[in-house]
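> dropping a prediction and its sequence here:
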Amino acid sequence: MSEQAAKSLPSGPSPFISRRRLILGGMAAVAAAWAGTAVQSLLFPSTSTAETKPVTFPLAELPVGGTRPITYGATPALVVRTPESIRCFSLVCTHLGCLVQWQEGAKEFYCPCHDGRFDQFGEVLAGPPPLPLEQFTVRVDGDMVVVGEEA
Ligand code: FES
């Protein structure tokens with residue numbers, strides 16, 4: 001290569017390498033976005049009530065003061081009967097998605113992940129949860145309890 005030819009070559013990084021880095025960076029961004037969506041769908045599965053079939057069970061299996069665990073769609077839930085009402089709560093904590101546990105003695109839901117507490121009506125009592133527990137509709141049809149159907 002002549003001295004004249006060597007002087008005409010660009011001295012910085014070649015444009016080819018820059019394009020390669022751009023393409024690889026774009027692929028990494030797409031992969032990161034896809035991975036984020038996949039993780040989100042694992043942590044917060046869709047619980048569209050339009051696609052979820054109602055859950056029914058005999059009222060006799062839920063005495064006043066009692067509870068009954070169910071799975072509504074893909075969501076673990078607990079039906080709670082008080083002297084005044086029958087309600088069904090998602091057991092998925094509204095903070096970061098851990099499963100809450102019913103504390104029979106205290107009549108409240110407890111989240112062991114960050115000491116979140118909810119009362120028997122799903123309202124936040126303590127800890128970081130930002131929202132009450134999700135509720136599903138409940139109605140009594142004759143001697144059956146129906147969860148997840150419009151009244
Ligand atoms: S996930 Fe329930 S309190 Fe944090």
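Good, I have the coordinates. Numbers count the residues shown, from 1 in each chain.
> what ranges does the chain have for its helices?
Assigned by DSSP state H, the chain shows helices spanning 3-8, 15-43.
> tell me the buried residues in stretch 109-118?
Using 16 or more other CB atoms under 10 Å as the test for burial, stretch 109-118 gives F109, Y110, C111, G116, R117, F118. No exception for glycine: its C-beta is placed from N, CA and C like everyone else's.
> mind putting those residues in a markdown table, distance to the ligand included?
A markdown table is the format used below for the buried residues of stretch 109-118 (distance: CB to the nearest ligand atom, whole Å):
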| residue | distance to the ligand |
| --- | --- |
| F109 | 10 |
| Y110 | 9 |
| C111 | 3 |
| G116 | 3 |
| R117 | 9 |
| F118 | 9 |
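> mind checking how far L78 is from F118?
In this view, L78 and F118 are 11 Å apart by CB to CB, to the nearest Å.
> which residues are common contacts for those two?
Common contact partners of L78 and F118 (CB atoms under 8 Å, 6 or more residues apart in numbering): F89, F109.
> got the residues of the chain near the ligand?
Residues of the chain found near the ligand (CB under 6 Å from any ligand atom) are C93, H95, L96, C98, C111, C113, H114, G116, G127, P128, P129.
> would you turn the residues you listed into JSON lines with pLDDT?
Below are these laid out as JSON lines (pLDDT from 0 to 100):
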{"residue": "C93", "pLDDT": "98"}
{"residue": "H95", "pLDDT": "98"}
{"residue": "L96", "pLDDT": "98"}
{"residue": "C98", "pLDDT": "98"}
{"residue": "C111", "pLDDT": "98"}
{"residue": "C113", "pLDDT": "98"}
{"residue": "H114", "pLDDT": "98"}
{"residue": "G116", "pLDDT": "98"}
{"residue": "G127", "pLDDT": "97"}
{"residue": "P128", "pLDDT": "98"}
{"residue": "P129", "pLDDT": "98"}
